[in-house]
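Colleague: Fold the following for me, if possible:
(2 chains)
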Amino acid sequence: MGMYIRIADLKDYIGKQARIAGWLYHGRSAGKLLFLLVRDGSGICQCVVEKGKVHDDLFAQLDHLGQESCLEVTGLVRQEPRSPGGYELAVTGARIIAKAEGYPITPKPHGIDFLMRNRHLHLRSRIPWCIARIRHTVVDAIRRFFNDRGFTLVDTPIITTIAGEEVGSLFRLDYFGQPVALTQTGQLYLEAAAASLGRVYCFGPTFRAEKSKTRRHLTEFWMAEPEVAFINLSGLIELAEDLVCAIVERVLEDNHPELETIGADIEALARVSKPFYRLTYTQVADLLTSSKTQQFMQDQLQVLVARRSEITSRIAELEAVLAGSSKQWQRDKAAAELIELRSELADLELRIENNPKHAQLAAQFQWGKDLGGSDETIVSQMFDKPVFVTHYPRQAKAFYMRQDRSDPKVVENFDLLAPNGFGEIIGGSMREEDYELLAARMDQEGLKQEDYWWYLDLRRYGSFPHGGFGLGLERTVAWITGQRHVRQCIAFPRIMDKLYL
RNA sequence: UCCCCGAUAGCUCAAUUGGUAGAGCGAGCGGCUGUUAACCGCUAGGUUCCAGGUUCGAGACCUGGUCGGGGAGCCA
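Modeller: Below is the predicted model:
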């Protein structure tokens, strides 16, 4: 593609001249040598400038070039074990395209608020770059998965006239005088499309005005939703299982370096394989109130407490280093570690404080309630692979979920909990295809049948067994990348009462 | 809506518990031919979030507010 070689392709040019263009990620000087780390979006390349090999005034300019300046570099590509990527560019020429001065984001720790207010620049940094690449792989894997299985993509509307989830979490809009809302799910429209195309899916943004200020919530997030005609619950669960396996497999294949850079738990990801665990809601309720769970929580508490004393004594050590008369660089290192340990300590304190509360909540769990956040966390911590939880109580779930004909108290639904405390990434169900049962359920929920007239029509004209699910993209990416907060997993996050940019 | 925590240099954090506001990074200048968050020396950089109050004296204590972080409920 023309004038420049992509840094990712430099390995094919060893021993040859190449010209790259990018931004200065980091510059160091060592006397008459300059090390310029240049990034171009495809990778990072160390460019070595030797005094005398370029004009002196260019050398001086490069020596004083600010981080994120845009430049073009020409040189000889050579293998070099001392270079971060294993090869480097021996610079013979360079052209500064645009200078940058006082770039605010340095290669040192920053607070989350600062980074999010500078998100437009933060995207250039290493970790957001890795996450963006992994997110891209996940999206592509999802599309391929469905396309390869005979699904047809149907783009459902973003402006909707009916609610699929809690009415309280709608973003309301005025549509030329008519009250409408931003979509919370494409599901209802997808059910209509499934009667035309059999297997369909949508993949787009969804909007929920939930007042949830947690690490698992965005007000605007992306969801992949398949809807399948002539399937049953176990078929649906298998589909979800295959999908998650396909996603994880692709990421392991395509993004190994990125996973390593961000410190994801690659071994845990490699363990993600069929079959996942399958539990009914009733089994989970029994598990939560069992002595096994209480024991698990106690064991966990002990581990946390042990880790706390470990950290506490390490902090004391580091504080002694800072108070003592050691070298500056030793003090710097100690200070950096101290910052990290203190935040881990704060996190531990919170978990230690919450542990008995959560244990108690679990012990007091009553059949009929929806699983709380802490219950979900406990269950997903108890398993090393994803867990399906099925057959929730009917009254805790949405009106469209199919009543289990062999046990009318529950519905044919499932949630998929990612392991190690990540919690729910998929929710799905068979849909009630019986007109009378659906209408009765809508009455119970206080939903007006005339608002849903076309949805009920689907049960009037050749009603068919069908079901589907929704996979939350950011939660999936957060789980795979090991990010604490979903807000790192979308380029421009929207969270409750904050847009940042 | 409720609970907890925080706000000090551009950034990340200190300040011996009420007694002269500091360090690293970043920025600027200089040194160094193999750096890996390089290193070494020098320089600049402050209305300690805002408004009141207590005090001889407040970054620290009290009241109110603003902003931010985390959690609960609810959810993907």
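Colleague: only C-alpha atoms for contact and neighbour calcs from this point on.
Modeller: Fine.
Colleague: residues contacting the closest residue to RNA strand B within the stretch 251-400 of chain A?
Modeller: Nearest to RNA strand B in the stretch 251-400 of chain A, going by C-alpha to the nearest atom of the strand, is A:G373, at a distance of 4.0 Å. For A:G373, the contact set (C-alpha atoms under 8 Å, 6 or more residues apart in numbering) comprises A:G423.
Colleague: next one: the one 10 residues further on
Modeller: By C-alpha under 8 Å, 6+ apart, the contact list for A:F383 reads A:P419, A:N420.
Colleague: Can you verify it is assigned to a helix?
Modeller: No. Read with DSSP: H, G, I helix; E, B strand; the rest coil, A:F383 is coil and lies in no helix.
Colleague: Got phi/psi on it?
Modeller: The phi and psi values for A:F383, taken as degrees, to the nearest 10, are phi -130, psi 150.
Colleague: Which parts of the stretch 51-200 of chain A are strands?
Modeller: In the stretch 51-200 of chain A, the strands defined using DSSP state E, counting those that start in this stretch lie at A:70-79, A:87-98, A:152-153, A:159-160, A:172-175, A:178-182, A:199-207.
Colleague: would you list those in CSV and tack on distance to A:R342 and mean pLDDT?
Modeller: Putting the strands of the stretch 51-200 of chain A into CSV (distance: least, C-alpha to C-alpha, whole Å; pLDDT from 0 to 100) gives the following:
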stretch, distance to A:R342, mean pLDDT
strand A:70-79, 37, 94
strand A:87-98, 38, 93
strand A:152-153, 48, 98
strand A:159-160, 46, 92
strand A:172-175, 42, 88
strand A:178-182, 41, 89
strand A:199-207, 36, 96
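Colleague: So for A:L123, which of these sits nearest?
Modeller: strand A:70-79 (15.8 Å; C-alpha to C-alpha).
Colleague: and the strands of the stretch 51-200 of chain A, which is most packed in?
Modeller: Stretch with highest mean neighbour count among the strands of the stretch 51-200 of chain A: strand A:199-207 (a mean of 22; mean count of other C-alpha atoms under 10 Å).
Colleague: tilt between that one and strand A:178-182?
Modeller: Using axes from the mean of the first three to the mean of the last three C-alpha atoms, to 10 degrees, the inter-axis angle of strand A:199-207 relative to strand A:178-182 is 100 degrees.
Colleague: which helices and strands does strand A:199-207 pack with?
Modeller: strand A:152-153, helix A:187-197, strand A:220-229 (3 or more C-alpha pairs under 8 Å, 6 or more residues apart in numbering; DSSP states H and E).
Colleague: Tell me which residues touch A:I311, please.
Modeller: Contacts of A:I311 (C-alpha under 8 Å, 6+ apart): A:L341, A:L345.
Colleague: secondary structure element for the closest residue to A:V248 other than its chain neighbours?
Modeller: Spatial nearest neighbour of A:V248, excluding adjacent residues (C-alpha to C-alpha, 6 or more residues apart in numbering): A:L269 at 6.8 Å. According to DSSP states H and E, A:L269 maps onto helix A:266-270.
Colleague: Next, count neighbours for A:G52.
Modeller: 11 (other C-alpha atoms under 10 Å).
Colleague: And the pLDDT for it?
Modeller: We note a pLDDT of 88 for A:G52 in this prediction.
Colleague: what's the answer for the one 4 residues further on, then?
Modeller: According to the prediction, A:D56 has pLDDT 89.
Colleague: List the contacts of the lengthiest strand in chain A.
Modeller: Longest strand in chain A, counting residues (DSSP state E): strand A:17-30. Defining contact as C-alpha under 8 Å, 6+ apart, one finds that strand A:17-30 is touched by A:3-7, A:10, A:34-41, A:63, A:65-77.
Colleague: Could you find the closest non-adjacent residue to whichever residue of the stretch 151-300 of chain A sits closest to RNA strand B?
Modeller: Per C-alpha to the nearest atom of the strand, A:S212 is where the stretch 151-300 of chain A lies closest to RNA strand B, at 3.1 Å. Of all residues not flanking A:S212 in the chain, A:M496 sits nearest, at 6.5 Å (C-alpha to C-alpha, 6+ apart).
Colleague: Surely that neighbour touches A:R215?
Modeller: No. With contact defined as C-alpha atoms under 8 Å, A:M496 does not reach A:R215; the gap is 10.9 Å.
Colleague: and RNA strand B, which of the contacts of strand A:17-30 contact it?
Modeller: Taking C-alpha under 7 Å from any atom of the strand as the test, RNA strand B is in contact with A:F35, A:L65, A:G66, A:Q67 out of the contacts of strand A:17-30.
Colleague: Could you give the number of residues near the second one?
Modeller: A:L65 has 21 neighbours, counted by other C-alpha under 10 Å.
Colleague: Kindly confirm my reading that A:L236 is in a helix.
Modeller: Yes. Under three-state DSSP, A:L236 sits within a helix.
Colleague: need the contact list for it.
Modeller: If you count contacts by C-alpha under 8 Å, 6+ apart, then A:L236 has A:S429, A:G467, A:G468 around it.
Colleague: A:G150 now?
Modeller: By C-alpha under 8 Å, 6+ apart, the neighbours of A:G150 are A:R199.
Colleague: What is the neighbour count of the nearest residue in space to A:K274 that is not next to it in sequence?
Modeller: Leaving out its chain neighbours, the residue that sits closest to A:K274 by C-alpha to C-alpha, 6+ apart is A:E241, at 7.0 Å. The number of residues packed around A:E241, counting by other C-alpha under 10 Å, is 20.
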